[in-house]
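K.L.:
fold the following, please.
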Amino acid sequence: MRRKFYIDYGTACIKQPSKSYMGIWSGPQCDLTIEIDGKSFIAKGSYQKKETSHIGIGVPYAGHPINSEEKIVKVNVRYEGVITGHGIEFKLYIEDEGKRMRSSLLTALPFIGPSKEGLMIITDNMQQIKVYEKGTKETEKFYALRRK
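P.N.:
Here you go, the predicted structure:
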């Protein structure tokens, strides 16, 4: 599957670039606002997930369990990419809101890089974007973003 994707990606890169575009697409976790402007590709969205935090230190003892608290966390998803023809080389950032750390050259905060990297192919009719998240044979993912 990976080999075919790379062949299709090469073909996509030699096509005429897509025109500027902005719209809503459905992704694997949430809806995404996609913006295509020249060679720049940005897709942003968010979803909520339940997160369990444990209150207390140590291990349960004598039948007294550690208390746990469930809360809803907002997760922000952002794809940033460079477009060549109908191909996109992207970086995917997935951040829990509130745990976000920003850095600059002037601060000592650690840099939080992309969660994943990969390639995308914009179909000729602009109805679908095929996505390949790079990884090992066990961790790589193939999916599609679909225009709403």
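K.L.:
the helices in the protein, which residues?
P.N.:
Here the chain has its helices, by DSSP state H, at 2-13.
K.L.:
for the residue nearest the centre of it, which non-adjacent residue is closest in space?
P.N.:
The chain has Leu92 as the residue nearest its centroid, 3.8 Å off, counting by C-alpha atoms, centre = their mean. Using C-beta to C-beta, 6 or more residues apart in numbering and skipping residues adjacent in sequence, the residue nearest Leu92 is Lys116, 4.4 Å away. From N, CA and C alone the C-beta is placed, and that goes for glycine too.
K.L.:
neighbours of Ile14, how many?
P.N.:
By other C-beta atoms under 10 Å, 10 other residues sit near Ile14.
K.L.:
and the closest residue to it other than its chain neighbours, how many neighbours?
P.N.:
The shortest distance from Ile14 to any non-neighbouring residue, by C-beta to C-beta, 6+ apart, is to Gly85 (5.6 Å). Using other C-beta under 10 Å as the criterion, Gly85 is surrounded by 17 other residues.
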